[in-house]
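Visitor: requesting a structural model of the entry that follows:
(chains A, B, C and D)
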There are 2 protein chains.
Amino acid sequence: MSAPAPYARVKAWLKNGLARGRWPAGRPMPSEADLVARFGVSRMTVNRALRELQSEGLVTRSQGRGTFAAPLHRVAARLTIRDLHEEIEAGGHVHRARVHRARAEPAPAAVAARLGLAAGGRAFHTVIVHSRDGVPLQCEDRWVNPAAAPDYLGVDFTRTTPTHYLLEVAPFWKAQYGIEAGVPTALEARLLGIGAREPCLVVTRRTEDHQRPITLARLVHPGSRYTIEGGFAP
Amino acid sequence: MSAPAPYARVKAWLKNGLARGRWPAGRPMPSEADLVARFGVSRMTVNRALRELQSEGLVTRSQGRGTFAAPLHRVAARLTIRDLHEEIEAGGHVHRARVHRARAEPAPAAVAARLGLAAGGRAFHTVIVHSRDGVPLQCEDRWVNPAAAPDYLGVDFTRTTPTHYLLEVAPFWKAQYGIEAGVPTALEARLLGIGAREPCLVVTRRTEDHQRPITLARLVHPGSRYTIEGGFAP
DNA sequence: GGAATGTACTTGTCTAGACAAGTTTCGGCA
DNA sequence: TGCCGAAACTTGTCTAGACAAGTACATTCC
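Guide: From the prediction side, this is the model:
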């Protein structure tokens, strides 16, 4: 059991003070010089502690003015979405994918627009149902820009998830998400084995490259079987 | 237009290489010494660049072994949940809150347990409907630990949101979230003016202090009116 | 062959000092 | 009174060097 590093000591001290409301938001916190004197460490060390707190969103700093407790009003809580395959296997369960469609099709107008294709252009379309221990958990309806992943249709999606494959051949640069509640389409209800009016958690995701959109996915989860969970500690 | 700082140049160069798949995951990336030689900057400078990439989850580093491109399989995308009031006002809309209940009540067993109260203990209970431009967007059913916010019931919630107030009097230290799709309770359906079977996005949130749970909230949003959106750029 | 050892390389961290650049404050001047 | 500029303070960044500690690999010894 070794002593924590000095920068970590400073950081912990500050974090603790922040947690118990010392330094009300808007009033300046100790300056780097103060902390140097208080802890007897060099300025680079306290700078690192403060910079990390800043990147964690706990303080705001501005040149010439000082360091301030971040207005926590912004509850900016983060939650993460993981690859379903990993999530299932990490929990010690069995993941299985059933491919219901995998072919090139003319993209509907709305899809073509969001994929940056000409109206009526062809794109790869897969519909895959992912299950955990035999229970369908997600229906993944995905369109892929052929320019970004030309060999997409050659992949065996019972062994590799589209997400995983696409990350390898076309790492994304930007992504957008939407999470909403909705009802499944008739096809989705049938594939998932649920009622037509059962509430579903619908995640839509679009990723792009530097130049072009890569893929557009609609992930439908039965509300009774899937929850996105997250924790958050400042 | 000034030149970017050296550490930022190094970081951008690395980020770019990562984005285009140089350094396949598992094979070592340039060491700090390499980068020092390549960019003609000091080691602290490249160290900062690498450390920031690490904290962004783009690389993994390990003492004695080297720096590696992070296996991007982990799609770990972050999305943020903001305070509804801020979100509405930021969009230039009018936020209004209607308080339907605000009183101390014996907490149901499930609530008492999660709030760390004795079975049958009393807690503050508020039910508030938030609307945007007159349309109900969220039904907020909240239980508050009286020990954490004794004056909770004295607040005028048509002017301050519970989230905002609680963050001021009892900043949280840890939070847990769940997002799921479900149907509203009869009361929620009535307050939101929606059908009893309309799919809703249900967010549950629990925050705690160092010592004790602070609050437990169930936020119900009509699926047709509310979406959680987020973006993500590595 | 197998084990111990030494060496080279890696990241982790700290230091003392420096200059740049933004903000605030206060004194002096018109 | 009102304006202006200097001083003091803040953060932002970089440097050159140092020691610690973990890892990998070749060499040496049994």
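
Visitor: only C-alpha atoms for contact and neighbour calcs from this point on.
Guide: Will do.

Visitor: hmm, residue A:93 is touching residue A:131, no?
Guide: No: assessed by CA atoms under 8 Å, residue A:93 is found out of contact with residue A:131, at 9.8 Å.

Visitor: ok, the two, which is more surrounded?
Guide: residue A:131 (21 against 15; other CA atoms under 10 Å in any protein chain shown).

Visitor: ok, that one to chain B distance?
Guide: 18 Å (CA to the nearest CA, to the nearest Å).

Visitor: residues in chain A within reach of DNA strand C, list them.
Guide: For chain A, the residues in contact with DNA strand C (CA under 7 Å from any atom of the strand) are A:5-8, A:40-45, A:62-65.

Visitor: OK, contacts around the residue lying closest to residue A:130 once chain neighbours are set aside?
Guide: Excluding its sequence neighbours, the residue lying closest to residue A:130 (CA to CA, 6 or more residues apart in numbering or on different chains) is residue A:97, at 4.5 Å. Residues counted as contacts of residue A:97 (CA atoms under 8 Å, 6 or more residues apart in numbering or on different chains) are A:128, A:129, A:130, A:131, A:157, A:158, A:159.

Visitor: returning to what we had before: make TSV from the residues of chain A next to DNA strand C and add neighbour count to it.
Guide: TSV is the format used below for those (neighbours: other CA atoms under 10 Å in any protein chain shown):
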residue	neighbour count
A:5	10
A:6	16
A:7	20
A:8	15
A:40	11
A:41	14
A:42	15
A:43	15
A:44	12
A:45	20
A:62	8
A:63	6
A:64	6
A:65	9
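
Visitor: in helices only, show me those residues.
Guide: A:6, A:7, A:8, A:43, A:44, A:45 (DSSP state H).

Visitor: max pairwise distance over the residues you listed: which two?
Guide: A:8 and A:43 (13.7 Å; CA to CA).

Visitor: lowest pLDDT pick from the ones in helices among the residues of chain A next to DNA strand C?
Guide: Of all those, residue A:6 carries the smallest pLDDT score, 91.

Visitor: can you tell me how far it is from chain B?
Guide: 17 Å.

Visitor: now residue A:99
Guide: Taking CA to the nearest CA, one finds residue A:99 at 21 Å from chain B.

Visitor: distance of the most far-flung residue of chain A relative to its centre from DNA strand C?
Guide: No residue in chain A sits farther from the centre than residue A:37, which is 40.8 Å out by CA atoms, centre = their mean. Distance, residue A:37 to DNA strand C, by CA to the nearest atom of the strand, to the nearest Å: 10 Å.

Visitor: what strand or helix carries that residue?
Guide: Taking DSSP states H and E as the definition, residue A:37 sits inside helix A:32-39.

Visitor: likewise for residue A:129?
Guide: Using DSSP H and E, residue A:129 falls in strand A:122-132.

Visitor: so what secondary structure elements neighbour that strand?
Guide: strand A:95-106, strand A:135-144 (3 or more CA pairs under 8 Å, 6 or more residues apart in numbering or on different chains; DSSP states H and E).

Visitor: could you point out the helix or strand that follows the lowest-mean-pLDDT helix or strand in chain A?
Guide: The helix or strand of chain A with the lowest confidence, counting by mean pLDDT, DSSP states H and E, is strand A:77-81 at a mean of 59. Once strand A:77-81 ends, the next helix or strand along the chain (criterion: DSSP H and E) is helix A:84-90.

Visitor: let me know the average pLDDT across that following helix.
Guide: Computed over helix A:84-90, the average pLDDT equals 84.

Visitor: give me the number of residues near the nearest residue to residue A:143 once chain neighbours are set aside?
Guide: Once flanking residues are discounted, residue A:143 sits nearest to residue A:125: 4.6 Å by CA to CA, 6+ apart. Counted by other CA under 10 Å, the residues lying close to residue A:125 total 24.

Visitor: correct me, but residue A:125 touches residue A:106?
Guide: No: judged on CA under 8 Å, residue A:125 makes no contact with residue A:106 at a distance of 9.2 Å.

Visitor: circling back: show me what the residue nearest to residue A:143 is bridged to.
Guide: residue A:103, residue A:143 (DSSP bridges).

Visitor: what about it, distance to DNA strand C?
Guide: Residue A:125 is 41 Å from DNA strand C, by CA to the nearest atom of the strand.
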